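In: the following block contains a protein sequence and its predicted model.
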Amino acid sequence: MKKYIATMLFMAISIVQAQEETTKWTSGRPDGHAPISVMGDHTHSKGEWMFSYRYMYMNMEDLNRGSSDAPYSDALSQYMITPKSMPMNMHMLGIMYAPSNKITLMAMANYTAQEMTLGNIMGGEFNTESSGFGALLQ
């Protein structure tokens, strides 16, 4: 128990010391923001704008049972249709604006397009697709 308390005390002291400000932080520094893949990580100074564009590609294929691969014939023995692949493309536009030092407004709009190839129990294949716009305001 003493070791646990000592460890917790050490961590608390380390956190307090890490919080000690040695230089003034600004958003203009290279480490002023998280990587672009982290959304909504920060606020801006009054009057500051930020525009962003992100692109993401993802392709899902193959079937798994737990952590190992499963053949399509296993899925088709239980279901009439099984997915084979699904590529997806997403384009995301973002804008941030700070009307004050304590409030940052953010809006995002994205366009996604995906297509899925499916196989059926009769040995045939067909495709379905979907695309469209979405939005997020905070």
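Out: It's in.

In: what sits up against stretch 54-63?
Out: Stretch 54-63 is contacted from outside by 36-37, 69-72, 74-75, 82-92, 94, using C-beta atoms under 8 Å, 6 or more residues apart in numbering. All C-beta spots, glycine's among them, are computed from the backbone N, C-alpha and C.

In: would you show me how to pick out the buried ones of the residues you listed in PyMOL?
Out: Filtering the contacts of stretch 54-63 down to the buried ones (16 or more other C-beta atoms under 10 Å) takes a single PyMOL command:
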select buried, resi 75+82+83+84+86+88+92+94
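
In: now intersect the contacts of stretch 54-63 with the strands, please.
Out: Taking DSSP state E, the ones among those that sit in strands are 69-70, 82-92, 94.

In: report the beta-bridge partners for residue 51.
Out: For residue 51, the beta-bridge partners are residue 95 (DSSP bridges).

In: point out where the chain drops to low pLDDT.
Out: In the predicted model of the chain, residues 16-28, 30, 36-37, 39-40, 135-138 satisfy pLDDT under 70.

In: all helices of it, in order?
Out: All helices of the chain, identified by DSSP state H, fall at 2-19, 72-78.

In: tabulate those (CSV), appending distance to residue 56.
Out: Shown next, in CSV, are those (distance: least, C-beta to C-beta, whole Å):
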stretch, distance to residue 56
helix 2-19, 33
helix 72-78, 27
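
In: and of these, who's closest to residue 105?
Out: Closest approach to residue 105 among the helices of the chain (C-beta to C-beta): helix 2-19, 27.4 Å.

In: just the CA atoms of that closest one, as PDB, please.
Out: Written as PDB, here are the backbone C-alpha positions of helix 2-19 (Å, rounded to 0.1, in the frame of the first residue of the first chain):
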ATOM      1  CA  LYS A   2       2.900   2.400   0.800                       C
ATOM      2  CA  LYS A   3       4.400   1.700  -2.600                       C
ATOM      3  CA  TYR A   4       1.000   2.500  -4.300                       C
ATOM      4  CA  ILE A   5       0.800   5.800  -2.300                       C
ATOM      5  CA  ALA A   6       4.400   6.700  -3.100                       C
ATOM      6  CA  THR A   7       3.800   6.000  -6.800                       C
ATOM      7  CA  MET A   8       0.600   8.200  -6.900                       C
ATOM      8  CA  LEU A   9       2.400  11.000  -5.000                       C
ATOM      9  CA  PHE A  10       5.300  10.900  -7.500                       C
ATOM     10  CA  MET A  11       2.900  11.000 -10.500                       C
ATOM     11  CA  ALA A  12       1.000  14.000  -8.900                       C
ATOM     12  CA  ILE A  13       4.200  15.900  -8.300                       C
ATOM     13  CA  SER A  14       5.400  15.100 -11.900                       C
ATOM     14  CA  ILE A  15       2.100  16.400 -13.300                       C
ATOM     15  CA  VAL A  16       2.200  19.600 -11.300                       C
ATOM     16  CA  GLN A  17       5.800  20.300 -12.400                       C
ATOM     17  CA  ALA A  18       5.000  19.600 -16.000                       C
ATOM     18  CA  GLN A  19       2.200  22.200 -15.800                       C
END
